[in-house]
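> only the shape, not the letters, is given here:
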Ligand code: FES
């Protein structure tokens, strides 16, 4: 019995060259829990951290169990980290940038600082 593969390698978009994504191949420097990391650029923070061998992104609020990205598409919230001082960022939805300072998220999710909340909307978006 044969089965179809679940995933396939995507073809390069027309006009993007030979298929070698130079942006994704470029190595950039970030910080994770105050440790410097060289990671591949052009991808999400979660993908970059996983490629660098990071296995613990946050701890659960109740038991403190280690958690790491699961869905990689913004549905499960297992990948929450603090990015450049902003807590509760879904690392699978944020593109990694050179110089980012990322910290694992410990305990309960936190609301963003009031100074970062749009003054027209409250924290609930109303
Ligand atoms: S890995 Fe599921 S929301 Fe980011």
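Happy to help now that I have it. Note that this is a predicted model, so its numbers are computed, not measured.
> which residue is the nearest non-sequential neighbour of residue 36?
residue 29 (6.2 Å; C-beta to C-beta, 6 or more residues apart in numbering). Every residue, glycine included, has its C-beta placed from N, CA and C.
> could you list the low-pLDDT ranges of this structure?
The model of the chain has pLDDT under 70 over residues 1-25, 109-113, 116-126.
> what parts of it come near the ligand?
46, 69-72, 74-79, 90, 92 (C-beta under 6 Å from any ligand atom).
> among these, which one has the most neighbours?
residue 79 (27 neighbours; other C-beta atoms under 10 Å).
> for residue 66, give me its contacts.
Counting by C-beta atoms under 8 Å, 6 or more residues apart in numbering, residue 66 makes contact with 55, 56, 58, 59.
> which SS class is residue 48?
helix (DSSP: H, G, I helix; E, B strand; the rest coil).
> tally of neighbours for it?
28.
> same check on residue 49?
25.
> surely it meets residue 35?
No - between residue 49 and residue 35 there is no contact under C-beta atoms under 8 Å: 11.4 Å.
> hmm, back to that, now do the contacts for the residue nearest to residue 36.
Here residue 29 is in contact with 36, 37, 38, 39, 98, 99 (criterion: C-beta under 8 Å, 6+ apart).
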